[in-house]
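[1] prediction below, plus the sequence it came from.
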Amino acid sequence: MKNVFILIKNERSLSIATGFIFSFVTFLCCHQLIRFPFVIIEKPQRFFCLYRQKVAALTRSLNITVRADIHRGSCPTREVSCADRSKCLPILYLCDGKKNCKDGSDEIGCDPCAYEQFRCSDTENCVDSSLVCNGEKDCPDGSDEEKCDTAASDQLQPSIPASEDLTAGIEVLNVAGIASARAKLISWFRQMRKSGSTVDKWGSQLPRVAVALHLANESFFSPENTTGQEMSYELTIQLLHHLSRDKNMSSQELALYIHAMLAACIDPRDFYGLNLVQELRKRTEANANYTNPFQILVLCNAGDKMTTRDVEEVIAAYDSQHRPFWTDTQALASLALACLSTKSNIMTDEKILKDMLQELKKHQFTNGTVDNLKTTALVLQALLIHDSFDKDFDVKSALQSILQSVSGNVTLLNAYYALPVLTGNSLLNVGSSHCTATPETEAEALEKALNVNGETISVQLCVWFGEKIELARTWRLKMHPNNSIYDVIETVAKIDNRQKVEYNVVEGKPFVTSLGGIEDDPEKGTFWFVHLRNLNSDNEPELIEQSPVDLKLKPNQEIIMWYKPAPWSSHFRGPISTKSN
């Protein structure tokens, strides 16, 4: 990692080695974002800060720490002035680990890693935080793959951003303590993971955890991020489990899952044949008296066709005041109306939204809070709309109250609403635009994997869990007639990498012992079994004891991989007697 010193030749412009030209005012105005010491700003002009992202992107692409040095004749050659102009220092004193300036400005911005980067143990190299614990050594010393089974806080500590800046719209706010608060909340969410569990690692609040971590880092659910992919898989399993067991899932729960699916790049319009967005729309329209504005926001973020009735429902929810403390619901209604105002097929009165946001500001107390931490964070999310916090609202005081609250004990809802604010985001930013387009369907992937040509037969593979089939998943495939059941199992594993299969080989033939991370459990007497039956038959599936490689396919055959108690085991269930003899 190198420190590159950019010398400003004049007060009009400066040139960086790559050929980018930025105005001098822009460089000074935006110094807080990438921490340029030895610069004093007299009258920063916000307009020029629109270029700040280009400057930051440039520094990241060069993988260097950039430092500005103004020569005005006050310091000799190869010396620089402290920010308070109290004395001059040799350039070699910069970033030497010692505070040589009274104000410590010679050590500001010395962290070699940019925001959302992990610093390797050699302290000289940085890698993107999404590469940490992904199974590959990206640091030269391999430190990004160390301590991967320890608490998330230990892994994240090196990547805590040094910047105390918060980008809100076109504003850049500098708030002391915001970087450590962001890192603490991210760590707090990641520590919710149960390290010793094979399933249910993230618990019942997974949808909110997924959304919060996505809003903190848009690349969290990228294919390279193993934690994000694990969370995406568990989200799928959890929702399948809910849908199979709980037919009466509430509309609010469904909305939370749809939001999480958007963040995790899971299509809610085709969830194993179910259009969950359409289902939420149907339920929303069935509500005659009151519609939760969060449901409207989720439908809008999911790209559903919005209507004037949705606008009316959101405004009615804002005005309904069903309880004395209604500010958090009003903030959600404001976010929903802001989303609706972006849709070209409906007209919204901009004045109504402005009035709603103005009304929210009136609830702020003198200490900066709005009712409580949760509501303060939600109101701040709403006021990010059109930079509405600029007038009649003390945004820094509100942020300070959030920082003070998260420094102590944190609840899930508080963390869920606060973390997006500390990264300059809101629930309005949930969507699927960050997802990479899927180039092919499962059927296309299957055809490529097998190169299916000529005669084929239709078969169906089902994965069942539990004696009473508490959870099931199905694939319909076209296979060559001379394929075996082993080929079908392997094909599904190819087109869905979550269905990793493991075998025990007996006399040269494979028997399934693990599927999708679920292993045979001899203590509980629960194992994987292969069953067969005809697709059009209502008969009980037939247990097969042969190896799948010995079983040739038949047309319209249903292959069932069933994880259940062994037929030879006793699984009596009953109350435990507490009476002594």
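    Here it is on my side, so go on.
[2] buried ones in stretch 324-341?
    Neighbour counts over stretch 324-341 (16 or more other CB atoms under 10 Å) mark 326-341 as buried. In this view, the C-beta of every residue, glycine as well, is placed from N, C-alpha and C.
[3] apologies, that question was intended for stretch 410-420.
    410, 413-420.
[4] which of those sits closest to residue 237?
    Nearest to residue 237 among these, counting by CB to CB, is residue 416 at 21.5 Å.
[5] in what helix or strand does that closest one lie?
    Using DSSP states H and E, residue 416 maps to helix 412-422.
[6] okay, how far is it across stretch 545-564, tip to tip?
    One end of stretch 545-564 to the other measures 15 Å (CA to CA, to the nearest Å).
[7] could you do stretch 81-100 as well?
    11 Å.
[8] how far off centre is the helix holding residue 416?
    Mean-position distance between helix 412-422 and its chain equals 13 Å (CA atoms, centre = their mean, to the nearest Å).
[9] kindly report the same for stretch 420-434.
    On CA atoms, centre = their mean, the centre of stretch 420-434 falls 10 Å from that of its chain.
[10] got the CA positions of it in CSV?
    C-alpha atoms of stretch 420-434 as CSV (Å, rounded to 0.1, in the frame of the first residue of the first chain):
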residue,chain,number,x,y,z
PRO,A,420,-29.9,1.9,7.1
VAL,A,421,-30.0,5.5,8.4
LEU,A,422,-26.3,5.3,9.4
THR,A,423,-25.4,4.3,5.8
GLY,A,424,-27.6,7.0,4.2
ASN,A,425,-30.3,4.5,3.1
SER,A,426,-34.0,3.8,3.9
LEU,A,427,-36.6,1.1,3.2
LEU,A,428,-37.3,3.0,0.0
ASN,A,429,-34.0,1.6,-1.3
VAL,A,430,-35.0,-2.1,-1.1
GLY,A,431,-35.2,-3.6,-4.5
SER,A,432,-33.6,-6.0,-6.9
SER,A,433,-31.7,-3.7,-9.2
HIS,A,434,-28.4,-4.9,-7.6
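[11] if we can go back for a sec, out of the buried residues of stretch 410-420, which one has the lowest pLDDT?
    Least confident by pLDDT among these: that is residue 410, with 87.
[12] excluding chain neighbours, what is closest to residue 456?
    residue 478 (4.2 Å; CB to CB, 6 or more residues apart in numbering).
[13] where does the one you found land on pLDDT?
    pLDDT, residue 478: 85.
[14] mind checking how far it is from residue 560?
    For residue 478, the distance to residue 560 equals 19 Å [CB to CB, to the nearest Å].
[15] neighbours of residue 175, just the number please.
    Close neighbours of residue 175, defined as other CB atoms under 10 Å, add up to 17.
[16] how much space separates it from residue 181?
    9 Å.
[17] strands of the stretch 151-300 of the chain, start to end?
    Secondary structure of the stretch 151-300 of the chain by DSSP state E, counting those that start in this stretch: the strands cover 165-168, 171-174.
[18] confirm that residue 475 sits in a helix.
    No - counting by DSSP: H, G, I helix; E, B strand; the rest coil, one finds residue 475 to be strand, located in no helix.
[19] what's the closest non-adjacent residue to it?
    That would be residue 461: by CB to CB, 6+ apart, it lies 4.8 Å from residue 475.
[20] in the chain, which helix is the longest?
    Counting residues, the longest helix found in the chain (DSSP state H) is helix 226-245.
[21] what are the buried residues along that helix?
    226-229, 231-240, 243.
[22] just give me the residue closest to the centre of the chain.
    With distances taken as CA atoms, centre = their mean, the residue of the chain nearest its centroid is residue 214 (2.1 Å).
[23] which one is residue 516 nearest to, not counting chain neighbours?
    Residue 516 sits nearest to residue 499 (CB to CB, 6+ apart), 5.2 Å away.
[24] so that neighbour, which state does it fall into?
    Classified using three-state DSSP, residue 499 is coil.
[25] same check on the one 3 residues further on?
    Following three-state DSSP, the label given to residue 502 is strand.
[26] on that earlier part again, any residues in contact with both of residue 175 and residue 181?
    Residues touching both residue 175 and residue 181 comprise residue 403, with contact defined as CB atoms under 8 Å, 6 or more residues apart in numbering.
[27] returning to that earlier point: can you count the residues close to the residue nearest to residue 456?
    Neighbours around residue 478, by other CB under 10 Å: 14.
[28] strands paired with the helix or strand hosting it, and their directions?
    Using DSSP H and E, the element containing residue 478 is strand 471-479. Strand pairing for strand 471-479, using DSSP bridges, gives strand 457-465 (antiparallel).
[29] for the partner strand, the distance to its chain's centre please.
    Distance, centroid of strand 457-465 to centroid of chain: 32 Å (CA atoms, centre = their mean).
[30] contacts for it?
    471-481, 488-489, 492, 499, 515-516, 518, 535, 553-564.
[31] name only those of those residues that count as buried.
    Here, 16+ other CB under 10 Å leaves 473, 475, 477, 479, 488-489, 492, 499, 515-516, 553, 557-564 buried among the contacts of strand 457-465.
[32] the residues you listed in helices, which ones?
    The helices, defined by DSSP H, take in 488-489, 492 from these.
[33] and the angle from the longest helix of the chain to strand 457-465?
    Here the directions of helix 226-245 and strand 457-465 differ by 90 degrees (axes from the mean of the first three to the mean of the last three CA atoms, to 10 degrees).
[34] what is the rounded mean pLDDT of helix 226-245?
    86.
[35] give the other helices and strands that that helix contacts.
    helix 206-216, helix 251-263, strand 471-479 (3 or more CB pairs under 8 Å, 6 or more residues apart in numbering; DSSP states H and E).
[36] and of the buried residues of stretch 410-420, the nearest to residue 121?
    Residue 121 lies nearest to residue 419 out of these, by CB to CB, at 27.3 Å.
[37] follow-up on the earlier one: quick one: the residue nearest to the centre of the chain and residue 227 touch, right?
    No - contact criterion CB atoms under 8 Å: residue 214 and residue 227 do not qualify, at 11.9 Å.
[38] what do those two both touch?
    residue 220.
[39] got the buried residues of stretch 410-420 as JSON lines, with distance to residue 297 columns?
    Formatted as JSON lines, those follow (distance: CB to CB, whole Å):
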{"residue": "410", "distance to residue 297": "24"}
{"residue": "413", "distance to residue 297": "16"}
{"residue": "414", "distance to residue 297": "20"}
{"residue": "415", "distance to residue 297": "20"}
{"residue": "416", "distance to residue 297": "14"}
{"residue": "417", "distance to residue 297": "14"}
{"residue": "418", "distance to residue 297": "18"}
{"residue": "419", "distance to residue 297": "18"}
{"residue": "420", "distance to residue 297": "13"}
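[40] hang on, the earlier thing: of the strands of the stretch 151-300 of the chain, which shows the lowest average pLDDT?
    When I compare these, strand 165-168 is least confident, with a mean of 65.
[41] and for residue 536, the neighbour number?
    With other CB under 10 Å as criterion, residue 536 counts 7.
[42] and it, what's its pLDDT?
    81.
[43] kindly report the same for residue 96.
    65.
[44] swap in residue 12?
    At residue 12, pLDDT is 31.
[45] so where is the stretch 351-500 of the chain shaky, pLDDT-wise?
    Within the stretch 351-500 of the chain, the segments meeting pLDDT under 70 span 437-454, 470.
[46] tell me which residues of stretch 505-521 come out buried.
    510-512, 515-516, 520.
[47] could you pull up the mean pLDDT of it?
    The pLDDT scores in stretch 505-521 average 88.
[48] distance between it and the chain's centre?
    Relative to its chain's centre, stretch 505-521 lies at 34 Å (CA atoms, centre = their mean).
[49] please save the CA atoms from it in PDB.
    C-alpha atoms of stretch 505-521 as PDB (Å, rounded to 0.1, in the frame of the first residue of the first chain):
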ATOM      1  CA  VAL A 505     -19.900 -46.300  -1.400                       C
ATOM      2  CA  VAL A 506     -20.600 -50.000  -0.600                       C
ATOM      3  CA  GLU A 507     -19.100 -52.600  -3.000                       C
ATOM      4  CA  GLY A 508     -18.400 -49.800  -5.500                       C
ATOM      5  CA  LYS A 509     -22.000 -48.500  -5.500                       C
ATOM      6  CA  PRO A 510     -23.200 -45.100  -4.000                       C
ATOM      7  CA  PHE A 511     -25.900 -44.800  -1.300                       C
ATOM      8  CA  VAL A 512     -27.100 -41.300  -0.400                       C
ATOM      9  CA  THR A 513     -26.100 -40.200   3.200                       C
ATOM     10  CA  SER A 514     -26.500 -36.400   2.900                       C
ATOM     11  CA  LEU A 515     -28.600 -34.100   0.800                       C
ATOM     12  CA  GLY A 516     -28.700 -30.300   1.000                       C
ATOM     13  CA  GLY A 517     -26.500 -30.300   4.100                       C
ATOM     14  CA  ILE A 518     -28.900 -32.700   6.000                       C
ATOM     15  CA  GLU A 519     -27.000 -35.800   7.100                       C
ATOM     16  CA  ASP A 520     -28.100 -39.300   8.200                       C
ATOM     17  CA  ASP A 521     -28.500 -39.100  12.000                       C
END
